[in-house]
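Enquirer: I would like to see how this sequence folds:
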Amino acid sequence: MLKDRWNTEAAAPSPPSAGKNGGSLAPPQNRASNGLDQFFSSIQDESSLSILDFAGASQANISFITTLGHRIYSNDVLHTLVEAFGSEQDFVANQADPSRAGFFLDESLNFEDLSFDGALIWDTLQFLTPPLLQQTVDRLAQVLRPNSYLLAFFHAEEKAVSAPLYSYRIAGPRTMSLIPRGQQRPTQYFNNRSLEKLFQNFSSVKFFLTRDHLREVIVRR
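Expert: As a prediction, the model looks like this:
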């Protein structure tokens with residue numbers, strides 16, 4: 001049940017083997033994030049909120065969110081992606097399998113409507129094919145309460161062959177630590193227009209384009 005996984009540090013699953021990383025993974029790196037700053041600014045005067053975190057169970061994220069007086073539900077959705085669709089050449093094709101797609105949605109977003117006051121989605125959505133992506137975003141709209149915020153990242157290089165996978169750790173209200181997990185090819189290129197269309201059922205969409213080719217998107221339900 002949902003309550004069994006609030007504010008707990010679960011055993012972390014093995015990182016996905018998606019793509020080739022060309023050798024040992026780089027060390028974690030800290031970077032400032034305007035999107036993260038906007039997300040936490042939106043809840044700074046609130047208390048006892050429920051926050052969904054797609055980065056997986058992390059003591060850093062749990063401690064930061066609970067210190068602010070909120071609750072966190074941790075879910076390693078990149079790991080679920082690999083469980084559902086594999087990590088090699090069939091990763092994209094397998095997303096067209098209804099049973100696999102259903103498994104992914106059930107494992108990732110099997111919550112009652114209006115369960116959350118915010119969602120840290122990080123870079124997960126860029127690895128979903130269009131039909132499953134829209135289903136996932138529509139389900140996020142259902143589980144988020146009105147006026148809550150969602151933070152998501154999309155690789156901004158149009159001709160990129162692959163994009164880095166990261167585990168995201170909150171280092172401060174406007175700083176995050178990125179822990180490399182390998183590489184995966186995005187399923188499509190996202191520009192501002194396509195993202196506005198993707199989140200058309202939300203109230204507003206705001207973009208931040210970073211120097212390291214990451215498009216940060218803050219969306220209000």
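
Enquirer: show me what contacts the residue positioned nearest the centre of the chain?
Expert: With distances taken as Cα atoms, centre = their mean, I121 lies nearest the centre of the chain, 2.2 Å away. Contacts for I121 (Cβ atoms under 8 Å, 6 or more residues apart in numbering) come out as F54, V77, L140, L150, L151, A152, F153. All C-beta spots, glycine's among them, are computed from the backbone N, C-alpha and C.

Enquirer: Please identify the helix or strand for it.
Expert: Using DSSP states H and E, I121 sits within strand 116-122.

Enquirer: ok, that strand: who's next to it in the sheet?
Expert: Paired neighbours of strand 116-122 in the sheet (DSSP bridges): strand 50-53 (parallel), strand 144-155 (parallel).

Enquirer: Tell me which of these is the most buried.
Expert: A comparison of the strands paired with strand 116-122 by mean neighbour count, using mean count of other Cβ atoms under 10 Å, puts strand 50-53 on top with a mean of 23.

Enquirer: Spell out which two among the contacts of I121 are the most distant pair, please.
Expert: The two members of these with the most space between them (Cβ to Cβ) are L140 and F153, at 14.6 Å.

Enquirer: Where does I62 sit: helix, strand or coil?
Expert: Applying DSSP: H, G, I helix; E, B strand; the rest coil to I62 yields a three-state assignment of helix.

Enquirer: any idea which helix is longest in this structure?
Expert: As assigned by DSSP state H, the longest helix anywhere in the chain is helix 130-143.

Enquirer: The worst-scoring helix or strand of the chain on mean pLDDT: partners in the sheet, and parallel or antiparallel?
Expert: Within the chain, confidence by mean pLDDT, DSSP states H and E is lowest for strand 175-184 among all helices and strands, at a mean of 87. Next to strand 175-184 in the sheet, as set by DSSP bridges, lie strand 29-32 (antiparallel), strand 163-172 (antiparallel).

Enquirer: SS state for L125?
Expert: What three-state DSSP gives for L125 is helix.

Enquirer: oh, I was asking about F190
Expert: With three-state DSSP as the basis, F190 sits in coil.

Enquirer: so it sits right up against D123, yeah?
Expert: No: using Cβ atoms under 8 Å, F190 is not in contact with D123; the gap is 10.9 Å.

Enquirer: Mutual contacts of those two, please.
Expert: F154, H155.

Enquirer: Now do the contacts for N192.
Expert: By Cβ under 8 Å, 6+ apart, N192 lies in contact with F207, R215.

Enquirer: quick one: pLDDT of it?
Expert: Listed pLDDT for N192 reads 89.

Enquirer: Over to L140?
Expert: The confidence metric pLDDT takes the value 97 at L140.

Enquirer: Tell me if I'm right that it and L109 touch.
Expert: Yes: using Cβ under 8 Å, L140 is in contact with L109, at 6.8 Å.
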